[in-house]
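K.L.:
only geometry, no sequence info:
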């Protein structure tokens, strides 16, 4: 009986965390889960749900409350992603994250992995295209025991915000581990994204 109560509490926290992520634009799953548990008064009731449980709850939320407007938003973001991928074709771009897996919302950015042995090459290319960009760094796990920092550039293109994280050219063979489920991130090339539309 106690296990059922704990499972029910985890599911309730996952659902509330999903609502917070979608409606408030919070991107940090840990922050959303903690906020949800506090709101529900379930802080001391056992462990919080895993990220994959929250991601499933986000998907459920979109199916229940998003309907056709969520489908339209997702198609629009994927079209913008495809346009950005064509722009960055020389960097072998791959779409990752919420726009690829279908859990994106109006607060989502389009996340791309691009490949070049010099991150500055991307910045110079964007400057040549007269596209202003903002640098950022992203920490990602390559293996369970190895975290690396990668440079990236955020820019606006095709009515969306794009975040392009730069990996070495040989990084195309091994995707970093997903913070959601700990498995290699799903990546899609431009042909695969076009098939989603």
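P.N.:
Perfect, thanks for sending it. Quick caveat, the model's predicted, so the values are computed rather than measured.
K.L.:
residue ranges in this structure under the pLDDT threshold?
P.N.:
Low-confidence segments of the chain (pLDDT under 70): 1-5, 43-46.
K.L.:
just give me the longest helix of the chain.
P.N.:
Longest helix in the chain by number of residues (criterion: DSSP state H): helix 2-24.
K.L.:
which residues touch the next helix or strand after that helix?
P.N.:
On the C-terminal side of helix 2-24, the nearest following helix or strand under DSSP states H and E is helix 29-40. With contacts defined as C-beta atoms under 8 Å, 6 or more residues apart in numbering, helix 29-40 is touched by 9, 12-14, 16-21, 26, 43, 45, 48-49, 51, 54, 179-180. Glycine gets a C-beta too; all of them are placed from N, C-alpha and C.
K.L.:
give me the buried subset of the residues you listed.
P.N.:
For the contacts of helix 29-40, a burial check counting by 16 or more other C-beta atoms under 10 Å picks out 9, 12-14, 16-21, 45, 48-49, 51, 54, 180.
K.L.:
farthest pair in those?
P.N.:
Pairwise distances across the buried ones among the contacts of helix 29-40 peak at 23.1 Å for 45 and 180 (criterion: C-beta to C-beta).
K.L.:
domain-wise, how is the protein divided?
P.N.:
If you go by automatic domain parsing, the domain ranges for the chain are 2-49, 69-196.
K.L.:
hmm, back to that, closest to residue 90 among the buried ones among the contacts of helix 29-40?
P.N.:
residue 180 (29.6 Å).
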